[in-house]
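> starting from these lines, generate the structure:
(chains A and B)
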Protein chains: 2
Amino acid sequence: MSRLPSRFSVSAAALLLAALHTSPAQAEEGMWTFDGFPAERMRETYGWAPDQAWLDKVQAAAVRLTGGCSASFVSGDGLILTNQHCVASCLFDNSSDSADYLARGYIADRRDAELKCPGQQAEVVTAITDVTDQVKSVFGTLSGEALTKARDARIAEIESQSCTDAEKTRCQVVTLFGGGQYKLYTYRKYSDVRLAWAPEARASTFGGDPDNFNFPRYALDASFLRAYENGKPVKTPRHLKWNPRAPKEGEVTFVVGNPGSTSRLFTQSQLAFEREVRLPVTVATLSELRGRLIRAMEESPQYEREGLDTLNGIENSLKVQIGRVKALNDPAFTATLARQEADLRAKSAGNTALGDPWTAVDEAVTAYRAIYLPARFTQPSSDLYSYAQTLVLAAQERAKPNTERLPGYTDSALPLVQKRLLDERPVYPWLDELTLAWSLSKAREYLGVDDPDSKLLLGQESPEQLAERLVGGSRLADPAVRKALWEGGLAAVEASDDPMIQYALRLSERQREIRKLTDEGYAGPLALAGGQLADARFAAYGDTVYPDATFTLRISYGQVKGWTERGQQVPYMTTLGGTFERATGNAPFDLAPGFAANEARIDKTAAYDFVTTNDIIGGNSGSPVIDRAGTVIGAAFDGNIHSLGGNYGYDPVLNRTVAVSADAVQEALEKIYPAPALVRELRAR
Amino acid sequence: MSRLPSRFSVSAAALLLAALHTSPAQAEEGMWTFDGFPAERMRETYGWAPDQAWLDKVQAAAVRLTGGCSASFVSGDGLILTNQHCVASCLFDNSSDSADYLARGYIADRRDAELKCPGQQAEVVTAITDVTDQVKSVFGTLSGEALTKARDARIAEIESQSCTDAEKTRCQVVTLFGGGQYKLYTYRKYSDVRLAWAPEARASTFGGDPDNFNFPRYALDASFLRAYENGKPVKTPRHLKWNPRAPKEGEVTFVVGNPGSTSRLFTQSQLAFEREVRLPVTVATLSELRGRLIRAMEESPQYEREGLDTLNGIENSLKVQIGRVKALNDPAFTATLARQEADLRAKSAGNTALGDPWTAVDEAVTAYRAIYLPARFTQPSSDLYSYAQTLVLAAQERAKPNTERLPGYTDSALPLVQKRLLDERPVYPWLDELTLAWSLSKAREYLGVDDPDSKLLLGQESPEQLAERLVGGSRLADPAVRKALWEGGLAAVEASDDPMIQYALRLSERQREIRKLTDEGYAGPLALAGGQLADARFAAYGDTVYPDATFTLRISYGQVKGWTERGQQVPYMTTLGGTFERATGNAPFDLAPGFAANEARIDKTAAYDFVTTNDIIGGNSGSPVIDRAGTVIGAAFDGNIHSLGGNYGYDPVLNRTVAVSADAVQEALEKIYPAPALVRELRAR
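Sure thing, here's the model as predicted:
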């Protein structure tokens, strides 16, 4: 887990959070699926709404990046707009001591200089099919683990039957409304994604962590990727038009992307678990990791460079979690959530067919409390361990029929698993050892010295010794070694003397046991109760509700609009010139060299960043901000500080999306980080 | 703030917490004042209670250590028993790269080899006088800051009139029951305290942070100090008898010491503030500091040695705060607290003279919420900064008449302030810079980049730059420099070009402004409401209540008793032999060299650590555990994990005191860390 998600990109962990459903959406609230866009509701507010052709056009150009971000095609040659922080790992993985692309940025002067991005894949939705009945038909009278197994088997079946071309397509059955709907998403996938342009890190992260989630903001958080196939740029006739102009106050905006995960209608007991257990543990442990890494990065320029991407991820994640703690400690905010639950319960009172899903959730949460710490802490944090765990699990699962495997290892899931495992990426032993020692020491702290799981994790070794031995002795940083083990299957894995593989084998049985307990006591009951709660919601509110985020394609509408903070009006937009006023000369408020060198040429009145009322969350990073005409006027990269409670509920008064304007990106492409070929490409119709 | 309190010693910060009062004590609950011991109640439970002579004898031998611990005289020559962790700073301050007394322990082979402990002072209560009427008589119709000023002036007056011999006595007016009572404590003080014996750090901290607050435990957390006067050991005929025997299950035990601070009957709004604001901020920021320091200490053996005392303090404090978070997130625990408040409100319903103190507290807490973050973060954490701040404040305050000064700088308070300032103690620049940079970066994070206080703290500099400039440029590590500034007074301070002094001057006006706001909106209203709530409590429950802890002498009764943990019985005692079974060979479970070398000689059946039901808290560290006969059978050094909620309420079923037995200490004095002279001295009548 040494790599954590950045800013509004999404983590795998967040995706695991069981999501339930929402009450009727207020104002601009809503992360709508493309097959459920509330056109009438929008028309009532704005006097206009997009028609189906508009929606189809936008959907066809919307890109999901498997690294945890969103994006869009903006030229006919596969050019993709996203954020710089969504490609930071790519820049980082391509860097070396002599070529620090993350710090210096990267401009490919010709297409064959574009940089391959390890682990990255671009995906475009081509179809959405309702498979609710097919999935639910296997439930029968099942419950607990038996239910999750039957459900997962059916999903594996649907996915493998629906995507026969594993090279170019990907099929995913998505659980919406916590089990109220199951939909098959079919994607056209592009597994060769390359980097064409990214600004200096200081330009895109001006203000660093202190300014993260804040506004006014002066960040050039944009970059361009390109999708390739068979070594050539793919043709993407269905792309969005690039429109480098300033946003206008009050104009309608759409954000189209893949919000990762929300918990908008967690029941009260789920919220209590968040507030009482998950968030405090997360903040305390992640804060310590942050401290360890900050200090380590001061030890040498090499460590400073190699640790930066991880630190950014940790700091971003921490700010998110701390914002959630704040939201759940705000009595007014939580009262609203409690009222929404009470309203749904009241409206459902006569509906005896529902059963009592709230009590079922309470009981599931109680069961989960008992296994949460072991579940969390028996997953050590290390890139090398992750490789080993994937190799072990994949080898064990691949030996089974498709429908009997764990969900992450079905035929439809394996190609991306394999790509991520085998793509070449640097592993920094000092960093991997640091995260591993940290996670093991936290495991011992939270589980207790005498806990059997602590003993399983550590044996007689100290966290530091064990981390040193495992990271120092493992050869899994070498993609060829991973490839040989992948291809060798279970026999090769079990015969391996790699200490990290042996460690993953040692933990795997207990991890399966915990998974079984989780399915039986928590996931199984939630799958049933989630379906019942969704039915209650549909009955009470009809189609005025949207599903919690699931890192699948959504559209949000809103407008360009500032807000009032402690009596002061926050402007809706900043200008490039503001950067020079805010700069102190000291990190992270030092000017990017490109800005300093080109100050005289830069149009200081050009739009820079702006805020809108669109409802987004982590995973939406890189989403195009689209105007009424369907053209791209910016890329969303953040929320304001008030958006951090957005995991649980949307506040229309204060919650804002933060985007970088196409205007600023154009100025950068022309004057600061010149890329004349891209300027021409973006201008072409 | 680089030095934080250890284990059950108390921090200055904890003392600042406004303490209200408790409802009727349950079972062994209660930190009783010596003038309010509930003999009758104890007799009802145990069929026996100490008489006045017993209490007087014990009080006369009870010692408060100004470093934040408790202790007792155990010989006629000023020998003091306390914990090793209470003298860790002394060992540390006397150490160097070539003589690491903290790690190796210290045995003075003759009295003149005993080590002076910087900043340490031993104090024995000689009188307790009720001055409630004298203090309250100045309140009149005052409120807010005017009230706190009048109160503080009267207290300064009482203290200076009552202690004319500033060399040997100290007078302190203590606020009990949050303003229900004011009592003058007179102390005989010994400002020359030296270290006679301490075991190896690994012996006293076997199991380190992982075992801290846990039981079964195997820690030799004991040491001996000696009080000196005029260069000679003081005569202490009124000492306790040393009784090196095993504790017996069920026997009555008393713990006599100075619990630092509790918040047992915070109102609901004060508890909400703890849970929602103070604890989350504390845990997140302190966890990061912990991480920074852990990593820094791995950089060299020198840093490992120099950082250890601070790290121990941080980890201990963190465990305490995390335990409090857990307690306040436990619905059963908080329901009890809510019920207690409801009961008091119900019993007070007819009493119109009371006013509405609960609403007054609510309003005060609301006011405090608005100034809490500035108040917290405009106090940078650095030893050198603390010296500078003391020099600045003392110079400014000493220029005023006694009754107009801040409470910490009155005539009665100044001698200890001066001692702490001028005693020679090492300052480690790397460590001071680390804590300062951390605290400044957290200030910017929590206050926000654009906040005026952030700008006041940082100017245009980054936290790291500023910390480097201030620590690197300051000469305040030199006691002679501090002495010259102290003696030079305000003129010398204002003329100083020491960057840390200049920085303290820069911050002082804002700090005074925040203090004024705090007094006006929070401390003033609380002083009034606290008095009213105390009156309500006295009316409802009579003298069955005890005041919240205030780092003044208290006595707790209880018994030697294990407890049941998840269905398993936890024994009441461990033996020395258990250490060898628990040792893994790896830190912090590696055997202390003295244990390893002497394994064959050690009586493995000898009692080691034990648990009792006594009600203690941070500050009680080092307290003698006394049996019915008034002899010392151990020294309290910790609580079990369930004791961490003890700040807010005592759980008679699970809350335990952890003590090291006199039996184990005797074994150590004879066989492991031999000190024959001490053995003789302890045996003498």
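
> and the residue in the stretch 151-300 of chain A positioned nearest to chain B, what does it touch?
Among the residues of the stretch 151-300 of chain A, residue A:291 lies closest to chain B, at 2.4 Å counting by C-beta to the nearest C-beta. In short, each C-beta sits where N, CA and C put it, glycine included. By C-beta atoms under 8 Å, 6 or more residues apart in numbering or on different chains, the contact set of residue A:291 is B:287-295, B:438.

> for the nearest residue to residue A:192 once chain neighbours are set aside, name its beta-bridge partners.
In this structure, residue A:192 finds its nearest non-sequential neighbour in residue A:228, 4.0 Å apart by C-beta to C-beta, 6 or more residues apart in numbering or on different chains. On the basis of DSSP bridges, residue A:228 is bridged to residue A:192, residue A:233.

> could you identify which of the contacts of residue A:291 has the most neighbours?
Counting neighbours by other C-beta atoms under 10 Å in any protein chain shown, residue B:438 comes out on top of these with 28 neighbours.

> and which of the contacts of residue A:291 is nearest chain A?
Taking C-beta to the nearest C-beta as the measure, chain A sits nearest to residue B:291 out of those, at 2.4 Å.

> tell me what angle the helix or strand hosting the closest one forms with helix A:279-297.
Under the criterion of DSSP states H and E, residue B:291 resides in helix B:279-297. Angle of helix B:279-297 versus helix A:279-297, following axes from the mean of the first three to the mean of the last three C-alpha atoms, to 10 degrees, is 30 degrees.

> beyond helix B:279-297, next helix or strand please.
According to DSSP H and E, the helix or strand after helix B:279-297 is helix B:301-328.

> can you give the contact residues for the very next helix or strand once past that following helix?
Next helix or strand after helix B:301-328 toward the C-terminus (DSSP H and E): helix B:331-347. Outside helix B:331-347, the residues that touch it by C-beta under 8 Å, 6+ apart are B:23, B:265-268, B:271, B:327-328, B:358, B:533, B:536-537, B:539-540, B:645, B:648-649, B:651.

> which regions of chain A lie under the pLDDT threshold?
For chain A, applying pLDDT under 70 flags the ranges A:1-26, A:685.

> ok, residue A:610 - contacts?
If you count contacts by C-beta under 8 Å, 6+ apart, residue A:610 has them with A:247, A:560, A:572-574, A:634, A:658-659, A:661.

> in TSV: those residues, plus distance to residue A:53, secondary structure and neighbour count.
Shown next, in TSV, are the contacts of residue A:610 (distance: C-beta to C-beta, whole Å; DSSP: H, G, I helix; E, B strand; the rest coil; neighbours: other C-beta atoms under 10 Å in any protein chain shown):
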residue	distance to residue A:53	secondary structure	neighbour count
A:247	24	coil	24
A:560	24	strand	26
A:572	29	coil	23
A:573	30	strand	21
A:574	34	strand	23
A:634	23	strand	33
A:658	30	strand	27
A:659	25	strand	31
A:661	26	strand	28
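
> hang on, residue A:636 in a strand?
Yes: assessed by DSSP: H, G, I helix; E, B strand; the rest coil, residue A:636 belongs to a strand.

> let me know the distance separating it from chain B.
22 Å (C-beta to the nearest C-beta, to the nearest Å).

> what about that residue, distance to residue B:51?
Applying C-beta to C-beta, to the nearest Å, the value for residue A:636 to residue B:51 is 76 Å.

> swap in residue A:671?
Counting by C-beta to C-beta - residue A:671 and residue B:51 are separated by 90 Å.

> ok, the residue of the stretch 51-200 of chain A found nearest chain B - contacts?
Closest residue of the stretch 51-200 of chain A to chain B, C-beta to the nearest C-beta: residue A:103 (17.3 Å). By C-beta under 8 Å, 6+ apart, residue A:103 lies in contact with A:200-202, A:305.

> what helix or strand does the nearest residue to residue A:315 once chain neighbours are set aside sit in?
In space, and not counting its chain neighbours, residue A:315 is closest to residue A:209: 4.3 Å by C-beta to C-beta, 6+ apart. Using DSSP H and E, residue A:209 maps to helix A:208-211.

> so what's the gap between stretch A:565-572 and the chain middle?
Mean C-alpha position of stretch A:565-572 versus that of the full chain (C-alpha atoms, centre = their mean, to the nearest Å) differs by 29 Å.

> can you check stretch A:214-221 too?
With C-alpha atoms, centre = their mean, you get 20 Å for stretch A:214-221.

> neighbouring contacts of that stretch?
Taking C-beta under 8 Å, 6+ apart as the rule, stretch A:214-221 contacts A:7, A:83-85, A:199, A:203-207, A:211, A:570-571, A:574, A:576, A:578-579, A:582, A:592, A:608-609, A:611, A:635, A:637-638, A:640-641, A:656, A:658, A:660, A:664-665, A:668, A:672, B:448-449.

> go on, stretch A:125-138?
Residues contacting stretch A:125-138 (C-beta under 8 Å, 6+ apart): A:33-35, A:59, A:62, A:64, A:150-151, A:153-155, A:158, A:162, A:169, A:173, A:180-188, A:531, A:552-553.

> find the nearest non-adjacent residue to residue A:157, please.
residue A:403 (5.6 Å).

> dump the residue contacts of the one you found.
Counting by C-beta under 8 Å, 6+ apart, residue A:403 has contacts A:152-154, A:156-157, A:410.
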